[in-house]
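**Student:** Sequence first, then the predicted structure:
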Amino acid sequence: MLNKTIGRLLKIGTLLSTYGLLFTVLLQIICRFTPINTPPWTEEASRILFIYAMSFAAGLAMKNEFYVHLDMFYDRFPERLKKILNLAVPTITLVLFVVTAIYAIKFVILGIPEKSPSMGFNMGIAFFSIFIMSASISYYLVRKIVKIMKNSRP
């Protein structure tokens with residue numbers, strides 16, 4: 001239940017931010033070729049929406065294992081080393097993203113008093129994307145590590 005809910009939230013977030021990005025970029029293009037002035041907020045909105053699209057999609061990429069694998073090297077390793085790497089790489093990556101998530105919260109708090117230049121919202125909203133990315137990747141890494149540990153038992 002929790003896994004489906006998190007997956008759906010990430011999918012919805014990815015789709016909404018991607019559609020928002022497409023809308024703002026199309027608005028910029030249309031305004032360039034017409035006498036209408038381009039709204040000043042579109043550049044900053046495009047940047048924030050792109051960042052959020054990547055943040056939401058990062059967890060989904062981890063869930064579905066869409067990241068690049070170096071199979072050319074991995075396939076040449078002995079089976080024992082492969083088993084060690086299969087657990088070590090996700091564990092080290094998890095530690096990295098848990099630390100990033102913890103510091104992302106501090107970063108969001110620091111960004112609350114700052115205002116974005118053209119849109120005027122607090123920058124904590126923009127910085128929250130770091131937490132979304134780190135937390136979603138961490139969630140799916142924990143699930144992967146648990147699965148690896150269950151499968152490695154005799």
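**Tutor:** Ah, there it is.

**Student:** And the lowest mean pLDDT element among the helices and strands of this structure?
**Tutor:** helix 71-74 (a mean of 84; mean pLDDT, DSSP states H and E).

**Student:** which outside residues touch that one?
**Tutor:** The contact list for helix 71-74, computed with C-beta atoms under 8 Å, 6 or more residues apart in numbering, reads 82, 85. For the C-beta atoms, the positions are set from N, CA and C on the backbone; glycine is no exception.

**Student:** Ok, stretch 115-127 next?
**Tutor:** Contacts for stretch 115-127 (C-beta under 8 Å, 6+ apart): 40-41, 43-45, 48, 51, 104, 107-114.

**Student:** Name the residues of stretch 124-140 that are buried.
**Tutor:** 126-140 (16 or more other C-beta atoms under 10 Å).

**Student:** pLDDT value on the residue of the chain positioned farthest from its centre, please?
**Tutor:** Relative to the centre of the chain, the most outlying C-alpha is that of P35, 37.3 Å out, by C-alpha atoms, centre = their mean. According to the predicted model, the pLDDT of P35 comes to 89.

**Student:** quick one, phi/psi of it?
**Tutor:** The phi and psi values for P35, taken as degrees, to the nearest 10, are phi -70, psi 0.

**Student:** So which bits of the longest helix seen in the chain are buried?
**Tutor:** Using DSSP state H to define each element, the chain has its longest helix at helix 79-111. By 16+ other C-beta under 10 Å, the buried positions in helix 79-111 come out as 86, 90, 93-94, 97-98, 100-101, 104, 107-108, 111.

**Student:** where in this protein is pLDDT low?
**Tutor:** The chain contains residues with pLDDT under 70 at 154.

**Student:** for whichever helix or strand I29 is part of, packing partners?
**Tutor:** Secondary structure from DSSP states H and E places I29 in helix 2-32. Counting contacts by 3 or more C-beta pairs under 8 Å, 6 or more residues apart in numbering; DSSP states H and E, helix 2-32 packs against helix 42-63, helix 123-152.
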